[in-house]
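Visitor: Here's a sequence, model it:
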Amino acid sequence: MLLKDMSIGMYSTVMEVLPIDKMNVKYEVMLALTAEMILDDALKNYQRNKLETKIDEALATGDEHLFYELSTQLKQLK
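Guide: A predicted model of the protein is given here:
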């Protein structure tokens, strides 16, 4: 009988902790998704800025073909 009482007590303890663990997992998943979104946004901004700089250079040098190529890439990025 003592073993049965002990296992019931451990089961109750696990069941009490489980919802908190689920909340922690959800929080960690949300945190990871947020971090991924921030990194994706930063990378997109970097790529956009780099393309815009190259477009400005193409305009300054009069390279029409490069300008159109880079402008197309910029449109695809947005």
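Visitor: Do a quick rundown of the strands in this protein.
Guide: Using DSSP state E, no strands are found in the chain.
Visitor: tell me the centre residue of it?
Guide: Nearest to the mean C-alpha position of the chain, by C-alpha atoms, centre = their mean, lies E36 at 1.3 Å.
Visitor: So, low pLDDT: which residues of this protein?
Guide: The model of the chain has pLDDT under 70 over residues 1-20.
Visitor: now the helices for it?
Guide: 2-61, 64-77 (DSSP state H).
Visitor: ok, so what distance separates the residue nearest to the centre of the chain from M23?
Guide: From E36 across to M23, the span is 20 Å (C-beta to C-beta, to the nearest Å). (Glycine included, C-beta is placed from N, CA and C.)
Visitor: and what of L66?
Guide: 53 Å.
Visitor: Of those two, give the one with the bigger neighbour count.
Guide: Comparing L66 with M23 by other C-beta atoms under 10 Å, the one with more neighbours is L66, at 15 against 10.
Visitor: number of nearby residues for the nearest residue to the more buried one once chain neighbours are set aside?
Guide: Closest residue to L66 apart from its sequence neighbours, by C-beta to C-beta, 6 or more residues apart in numbering: A58 at 4.2 Å. If you count neighbours by other C-beta under 10 Å, A58 ends up with 18.
Visitor: got the contact list for A58?
Guide: A58 makes contact with E64, L66, F67, L70, according to C-beta atoms under 8 Å, 6 or more residues apart in numbering.
Visitor: Return the closest of the residues you listed with respect to K44.
Guide: Nearest to K44, judged by C-beta to C-beta, of those is L70 at 15.7 Å.
Visitor: Distance of the residue nearest to that closest one when sequence neighbours are not counted relative to K44?
Guide: Leaving aside its sequence neighbours, L70 sits nearest to I55 (C-beta to C-beta, 6+ apart; 4.8 Å). Look at I55 and K44: by C-beta to C-beta, they are 16 Å apart.
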